[in-house]
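Q: next comes the sequence, and after it the predicted model I'd like to discuss.
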Amino acid sequence: MSFSNKITTRYCWYNNSTTIIKVFFINGFPFTFDDLPDGYLYDLDIVKEANDNQNYELEDMYRYSSYLIEEEAHPMLFPVELENPQDLPDFEHEL
């Protein structure tokens with residue numbers, strides 16, 4: 001039996017509950033987030049979901065991401081077996 005990691009997303013409040021972000025999780029651990037486009041506060045479904053989820057601060061995201069890096073389980077930095085790799089965020093990196 002092979003263990004596979006799953007990517008999920010949730011909308012969560014961020015930065016002292018001043019903005020909502022789309023948080024990406026691997027097996028329940030947040031590892032990165034995307035800002036939302038202007039106007040998202042008018043989407044009541046997004047606001048309700050964020051109200052039902054944990055609030056995050058930059059330090060929280062750093063701590064979780066650092067843990068995943070230490071365990072070589074950060075899916076954007078290490079080859080991690082994923083059940084749904086299509087759900088990873090788009091990643092563009094300029095050198």
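A: Yes, it's here.

Q: so who does the residue lying closest to Phe29 once chain neighbours are set aside touch?
A: Leaving aside its sequence neighbours, Phe29 sits nearest to Tyr64 (CB to CB, 6 or more residues apart in numbering; 5.4 Å). The way it works is simple: take the backbone N, C-alpha and C, and place the C-beta from them, glycine included. Listed by CB atoms under 8 Å, 6 or more residues apart in numbering, the contact set of Tyr64 reads 29-31.

Q: what is the end-to-end distance of stretch 18-33?
A: Taking CA to CA, to the nearest Å, stretch 18-33 runs 15 Å from one end to the other.

Q: for the contacts of Tyr64, which one is nearest Asn53?
A: Distance to Asn53, by CB to CB, is smallest for Pro30 among the contacts of Tyr64, at 10.4 Å.

Q: in a markdown table, list the contacts of Tyr64 along with neighbour count.
A: A markdown table is the format used below for these (neighbours: other CB atoms under 10 Å):
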| residue | neighbour count |
| --- | --- |
| Phe29 | 15 |
| Pro30 | 22 |
| Phe31 | 23 |
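
Q: what is the nearest of the residues you listed to Lys6?
A: Phe29 (11.1 Å).

Q: for that closest one, give its distance to Asp43.
A: Counting by CB to CB, to the nearest Å, the gap from Phe29 to Asp43 is 26 Å.

Q: likewise for Glu83?
A: Distance from Glu83 to Asp43, by CB to CB: 28 Å.

Q: and what of Glu57?
A: Distance of Glu57 to Asp43, given as CB to CB: 23 Å.

Q: find the centremost residue of the chain, please.
A: Closest residue to the average C-alpha location of the chain: Phe24 at 2.1 Å, with CA atoms, centre = their mean.

Q: tell me which element that one falls in.
A: Here Phe24 sits within strand 19-26, counting by DSSP states H and E.

Q: in terms of secondary structure, what does that strand contact?
A: Helices and strands touching strand 19-26, as assessed by 3 or more CB pairs under 8 Å, 6 or more residues apart in numbering; DSSP states H and E, comprise strand 7-14, strand 29-35, helix 44-52.
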